[in-house]
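Engineer: Sequence below, structure please.
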Amino acid sequence: MFFSLIISLFVLSLLVFVHELGHFLAAKKSGIKVEEFGLGYPPRLLGVKKRGTIYSINLIPFGGFVSIYGMEESAGHRTKNKNAFWNKSKRIRAIVLLAGILMNFLLGVVSFSLIYSVLGIPEKQGFVEMAGVAENSPAEKAGIKENDVVTQLIINHKSLIIKDNQEFIEIINQNLGQEVELELEREGERRVIVLVPRKEPPASEGPLGVAIVDSKTIQPVFWQRPFLSLWWGLKEAVGWAGAIFFGVAKMIYELLFKKIIPQDVTGPVGIVQVTSNVAKAGILPLLQFIGVLSVNLSVLNLLPIPALDGSRLLFLAVEAVTGKKPKPKTEKLIHALGMIVLLFLMLLITVQDVSRIFKTSVSPF
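Structural biologist: Take a look at the predicted model:
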């Protein structure tokens, strides 16, 4: 349990620290005064002041923070100091706000790239191959074996050449409950197998009960590997960003219109549990998990939710349209209310996490 907490703390701290580092670097580069950049959270244990910024190590060992001069105004007014955040142009302020989001996205890219650099680069084979067959599935009953290659699908006496997984999946899904023919190649011999894709397969299986692959892993020459790994890491990060965006949109829809918390949403307690399980699987699965979490954080911070960077960016957009900066008290109130809502949702999700863990740890009798 202690090891799980340490690993989880490290992962979450890394994500938060990288995010705050992005804000810090962008602010410094833009000539904005940074009052403090800290590792961990106060109370402060050690601090060194250099060029107007305090670099501190703090007692609570979680993530880090950056205090940017002029970003938070508690007195109801804004300073006229030219080095303050609010006195910079809208473009510079947007860059500073986006920098944290970009850093989390880049951490995801780096994490995925490291995995590709170790495991190799996927290369399309131009055909679909059976990577596994589930017991008692239509595929097993029809005689399909692992490593069988699909040369063509025959639907209503029409032959279709299949080159990738997506094409295979789409055609099978269009013919659920109907008889289909697969021409397979096995050890140099070709055979035709007839089977019926299930309309309601088990949760862990598809209509046929097979795992399929359409690519193989290659190891490029050493000088190409960093560039190809980075390219594939970027593609995977973009793919995850899109999936997370639509997942969040679905979650918001269900929260607003169905008044339910989706069961696949997890909070801090759930993340600790998942991180522990992933860490036990090895460094590469942990790297993948870090990449997914980091991209997830970048997408969430883009949302126009009070207390997040997306909300501040929305205020900037309103300012660009109206030509007026929002009143400090109004903006502070909106962020405070947003934080209350976020904390309430986090509490609900945490309760759901604990309930889920309890249910899975207690066996019925």
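
Engineer: Sort out which residues of stretch 108-119 are buried, please.
Structural biologist: Using 16 or more other C-beta atoms under 10 Å as the test for burial, stretch 108-119 gives 108-117. No exception for glycine: its C-beta is placed from N, CA and C like everyone else's.

Engineer: So, low pLDDT: which residues of the stretch 251-365 of the chain?
Structural biologist: 259-276, 328, 335-336, 338-365 (pLDDT under 70).

Engineer: One more pass at 80, please.
Structural biologist: 251-282, 305-307, 325-365 (pLDDT under 80).

Engineer: what number of residues lie near residue 239?
Structural biologist: Neighbour count of residue 239, defined by other C-beta atoms under 10 Å: 12.

Engineer: oh sorry, the question was meant for residue 26
Structural biologist: For residue 26, the neighbour count with other C-beta under 10 Å is 23.

Engineer: likewise residue 140?
Structural biologist: 16.

Engineer: I'd assumed it was in a helix, is it?
Structural biologist: Yes - counting by DSSP: H, G, I helix; E, B strand; the rest coil, residue 140 falls inside a helix.

Engineer: For it, give me its contacts.
Structural biologist: Contacts here follow C-beta atoms under 8 Å, 6 or more residues apart in numbering; on that basis residue 140 touches 133-134, 209.

Engineer: Can you give me the separation between it and residue 213?
Structural biologist: Between residue 140 and residue 213 the computed distance is 18 Å (C-beta to C-beta, to the nearest Å).

Engineer: re earlier: now, the buried residues of stretch 108-119 that are in helices?
Structural biologist: Mapping the buried residues of stretch 108-119 onto helices (DSSP state H) picks out 108-117.

Engineer: Now that we have those, can you turn them into TSV and tack on pLDDT and distance to residue 20?
Structural biologist: Putting these into TSV (pLDDT from 0 to 100; distance: C-beta to C-beta, whole Å) gives the following:
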residue	pLDDT	distance to residue 20
108	95	16
109	97	19
110	96	17
111	95	18
112	94	22
113	95	23
114	95	22
115	93	25
116	92	27
117	92	27
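
Engineer: Take those and lay them out in TSV including distance to residue 296.
Structural biologist: Output for those, formatted as TSV (distance: C-beta to C-beta, whole Å):
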residue	distance to residue 296
108	8
109	14
110	15
111	12
112	13
113	18
114	18
115	17
116	20
117	22
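
Engineer: Now flag whichever of these is closest to residue 205.
Structural biologist: Comparing those against residue 205 with C-beta to C-beta places residue 115 closest, at 26.5 Å.

Engineer: ok, which pair from the buried residues of stretch 108-119 is furthest apart?
Structural biologist: For those, the farthest-apart pair by C-beta to C-beta is 108 and 117; their separation is 15.0 Å.

Engineer: mind listing the helices for the stretch 151-300 of the chain?
Structural biologist: For the stretch 151-300 of the chain, the helices defined by DSSP state H, counting those that start in this stretch occupy 165-173, 225-253, 268-281, 283-302.

Engineer: TSV for these, including distance to residue 155?
Structural biologist: Listed next are the helices of the stretch 151-300 of the chain as TSV, based on distance: least, C-beta to C-beta, whole Å:
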stretch	distance to residue 155
helix 165-173	7
helix 225-253	29
helix 268-281	40
helix 283-302	36
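
Engineer: Packed most tightly, which of those would that be?
Structural biologist: The highest mean neighbour count among the helices of the stretch 151-300 of the chain, using mean count of other C-beta atoms under 10 Å, belongs to helix 283-302: a mean of 20.
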